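>>> Test case, fold it:
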Amino acid sequence: MERIIFIPSEFRIKPFYDHSSEKIELSDENRLIVPFYHEIDCVNNQRKSDKLLQKADTLIIQLFDHWKANKKTISDLFRNRDKEKAKDPMISAIANMISILMLMNEEVLINLENLQAILSNLPIQPINFAERVSFLLKQPNNYHSFIQLAGLYEEIEKQYYKQKIKR
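Okay, the predicted model is just below:
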């Protein structure tokens, strides 16, 4: 079932969305590729972030699985020197990684303004995370960004399971 979702102005920040992107078509299949879908849904429906945090573990696992399922496809695009086709899946993967880290810190991103400052202040994060994300966002269709992103996913997944064991 397809539906249209409105993208709040706080999320219309490049490279995730541009200022003219007011809405997108959404289906159950593509909700994991829509950058910050769950966060936008909270903002649009004025839902408390508590509901999203209650299902955080399930969502985090889904996002990790989505990355693992698409990592090879993105790698193949770079191997075939098709940087432009790699750009959108990279941006989606970066957004999902940020969502995972926010949820690990029991926070929900409600806007993308001052993203670097928000990321810098998270207690649980890989070393130099904000700077590394900044690099990724400046060059999402660069092979070195893909390598950096893959490394960040590995680090975050280790931190997630370590945190889960401690709980």
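>>> hey, where'd the strands end up in this protein?
Along the chain, the stretches classed as strands by DSSP state E are 3-6, 23-26.
>>> Neighbouring strands - and their directions - for the first one?
So that's strand 3-6. Partner strands for strand 3-6, per DSSP bridges, with pairing direction: strand 23-26 (antiparallel).
>>> For the strand it pairs with, output the C-alpha coordinates as CSV.
Extracted in CSV, the C-alpha atoms of strand 23-26 (Å, rounded to 0.1, in the frame of the first residue of the first chain):
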residue,chain,number,x,y,z
LYS,A,23,6.7,14.9,0.1
ILE,A,24,7.6,11.4,-1.0
GLU,A,25,5.8,8.2,-1.9
LEU,A,26,6.2,5.5,0.6
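>>> Run the chain-centre distance for it.
The chain centroid and the centroid of strand 23-26 are separated by 17 Å, computed with C-alpha atoms, centre = their mean, to the nearest Å.
>>> Quick check: buried residues in that strand?
24, 26 (16 or more other C-beta atoms under 10 Å). Placement of C-beta: from N, CA and C, glycine included.
>>> and if you look at stretch 43-61?
Neighbour-count burial for stretch 43-61 flags 43, 49, 52-53, 56, 59-60 (criterion: 16+ other C-beta under 10 Å).
>>> Helix or strand with the lowest mean pLDDT in the protein?
When each helix and strand of the chain is scored by mean pLDDT, DSSP states H and E, strand 23-26 comes last, with a mean of 80.
>>> Identify the residues contacting that one?
Strand 23-26 has contacts (C-beta atoms under 8 Å, 6 or more residues apart in numbering) with 2-7, 34, 37.
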